[in-house]
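Peer 1: Task: produce atomic coordinates for the following.
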Amino acid sequence: MIARKIRPEELQRTEELFSISFDSSYDNEASPMELYQKYTENPTSQEQEHCLERFAAFEDDDATMMSCFILQPFEIRFDGHNEPMAGVGGVATLPQYRRKGGIRACFQKALPYLYEKGAVFSYLYPFSTAYYRKFGYELCSKRLFYTVALAHIPAFEADGSCYLLEKSTEASAMEDIPYIYRAWQEKYNTMVLDTPYDFNFIKNANPFKDQVFTYVYRSAKGEPLAYMTFQNKRMDEPRKIECSRFFYVNEEGLKGLLSLAKSFASDYRQICFNLPADSCLEHILPEWSMGAVSCQLCQEGMIRVINVQKALEDAAYKGSSSCILKIEDAFIDENNRTFQIVFEDGRCKEAALTDRTPDAVLSVSAFSALLMGGYYPDDIEQFPGVQINDNIESLKKVFYKKPVYITSYF
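Peer 2: Okay, the predicted model is just below:
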């Protein structure tokens, strides 16, 4: 088996593998080089712009593709820093080659490559969490999926107003929507920094044809405070408003969106939307009984640290102290080391290699989730692959709960 980055003429084959693996129709009438030329000359997405950032496993002939996946370069927020992140997607293996080790071979090549390219993190959405833990990924971000009965939304007093995204409001939305989204970028670890393509939906919006509606809420002073994108599910029972985007800057913005949703109560019964796990609506919505509100906690992807030393240097700590961590990483040798961290007033002064006895031994998967902030300090010892030897109080200043959320999919 041979695993490597793909060549331009192999781009189309990776998309054919995805089509077969995920039962999705794919028009492959263009030649392989025509497809490559289209993506490189006129990309319409982050994936197309970086279309050769894909790894594949081949039979020994170095031509028969067995497995492949896509690596998309992004930046994410981490403890006040913008960090390079590789989003893994399009993981595909032809049925006749499954359980042959093709994806493992791709990760064995791709993870050291990402380290060399300067990535600090990687993220993916798993078909199996147990499977991707083998490669150092771990659950980290959670979301709350709310379903709210429109009839039970209070009649909020709001001085602001909403406008529908359409051609006449496109220019306003191009200023308002990024402003609102970026407020969330600043608040949450793992939020993906917007790319030039992320707001294409504003330019392409046609609510009258597509029946996809984006509304922006502004305060009485004209400040953009919230937006949501939704479709009305008329054929569902009960009828519902289903949101694909739901962002707000403050409580007034949230109330503005909910007030708009309530205006649909004569035709629909519920609104559904996702919020970060640290959101609290109990003080906004007074009635939670008899189906007025339901809330489901959902896992949202898996994180992996690609460069342990850089992540330690940029992490936010609690107060001042020091500790020694041994990280076990079977794929990136530079991570498979013991690091001494010294921090003062919440920031790293030193993250250096050492031969001293570690205070804790962590698998890279446990280290990744804990450092990103997905768990509480008391959760440290519950992770598989964690051994605590000493200095637990200092470790709790390194690993603690932080705001974590992600809304981008790849």
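
Peer 1: how about M85, phi and psi?
Peer 2: Taking degrees, to the nearest 10, you get phi -140, psi 140 for the backbone angles of M85.

Peer 1: again with the one 3 residues further on
Peer 2: V88 has phi and psi values of phi -90, psi 130 when expressed as degrees, to the nearest 10.

Peer 1: which ones are touching the closest residue to it other than its chain neighbours?
Peer 2: Nearest residue to V88, sequence neighbours excluded (CB to CB, 6 or more residues apart in numbering): L124, at 3.9 Å. Glycine gets a C-beta too; all of them are placed from N, C-alpha and C. L124 is in contact with 87-89, 91, 132, 137, 301-302, 304, counting by CB atoms under 8 Å, 6 or more residues apart in numbering.

Peer 1: mind listing which of the residues you listed are in helices?
Peer 2: Y132 (DSSP state H).

Peer 1: mind checking which helix or strand the closest residue to L193 other than its chain neighbours is in?
Peer 2: Nearest residue to L193, sequence neighbours excluded (CB to CB, 6+ apart): E75, at 4.3 Å. Per DSSP states H and E, E75 falls inside strand 65-78.

Peer 1: Please point out which parts of that strand sit buried.
Peer 2: 65-78 (16 or more other CB atoms under 10 Å).

Peer 1: what does stretch 141-148 give?
Peer 2: Applying 16+ other CB under 10 Å to stretch 141-148 flags 141-144, 146-148 as buried.

Peer 1: Among the residues you listed, pick out the one closest to Q296, please.
Peer 2: Nearest to Q296 among these, counting by CB to CB, is L144 at 7.1 Å.

Peer 1: can you list contacts of the helix or strand hosting E34?
Peer 2: Per DSSP H and E: E34 is located in helix 32-41. Contact with helix 32-41 is made by 8-13, 15, 30, 48-49, 51, as judged by CB under 8 Å, 6+ apart.

Peer 1: Buried ones from those residues, can you make that a ChimeraX selection?
Peer 2: This is the ChimeraX syntax for the buried subset of those, where burial follows 16+ other CB under 10 Å:
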select :10,11,12,13,15,48,49,51
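
Peer 1: what two of the contacts of helix 32-41 are the furthest from one another?
Peer 2: R13 and E49 (19.5 Å).

Peer 1: Next secondary structure after the longest helix seen in the chain?
Peer 2: Identified as the longest helix of the chain according to DSSP H is helix 170-187. The helix or strand immediately downstream of helix 170-187 is helix 200-204, counting by DSSP H and E.

Peer 1: for that next one, the distance to its chain's centre please.
Peer 2: 21 Å (CA atoms, centre = their mean, to the nearest Å).

Peer 1: Run through the neighbouring helices and strands of it.
Peer 2: Judged by 3 or more CB pairs under 8 Å, 6 or more residues apart in numbering; DSSP states H and E, helix 200-204 is in contact with helix 170-187.

Peer 1: and the helix it packs on with strand 65-78, angle?
Peer 2: For helix 170-187 against strand 65-78, the angle by axes from the mean of the first three to the mean of the last three CA atoms, to 10 degrees is 80 degrees.

Peer 1: got a list of contacts for helix 170-187?
Peer 2: Helix 170-187 is contacted by residues 77, 163, 165, 191-194, 198-199, 202-203, 205, 214, 216, 218, 224-227, 247-249, 253, 403, 405, 407 when judged by CB under 8 Å, 6+ apart.

Peer 1: what does the domain assignment say about the chain?
Peer 2: Listed by automatic domain parsing, the domain ranges of the chain are 2-119, 144-299, 307-398.

Peer 1: and the second one, how far apart are its ends?
Peer 2: Counting by CA to CA, to the nearest Å, you get 9 Å between the two ends of domain 144-299.

Peer 1: Does I327 belong to a helix, a strand or coil?
Peer 2: Following DSSP: H, G, I helix; E, B strand; the rest coil, I327 is assigned to strand.

Peer 1: Quick check, it in contact with F367.
Peer 2: Yes - at 5.5 Å, I327 counts as touching F367 under the criterion of CB atoms under 8 Å.

Peer 1: What are the boundaries of the strands in the stretch 201-350 of the chain?
Peer 2: 213-218, 224-233, 240-248, 270-276, 293-299, 302-305, 321-328, 338-344, 347-353 (DSSP state E, counting those that start in this stretch).

Peer 1: by contact count, what packs against the second one?
Peer 2: Read that as strand 224-233. For strand 224-233, the packing partners by 3+ CB pairs under 8 Å, 6+ apart come out as helix 170-187, strand 213-218, strand 240-248, helix 251-262.

Peer 1: With the last one instead?
Peer 2: Applying 3+ CB pairs under 8 Å, 6+ apart, we find strand 347-353 packed against helix 308-314, strand 338-344.
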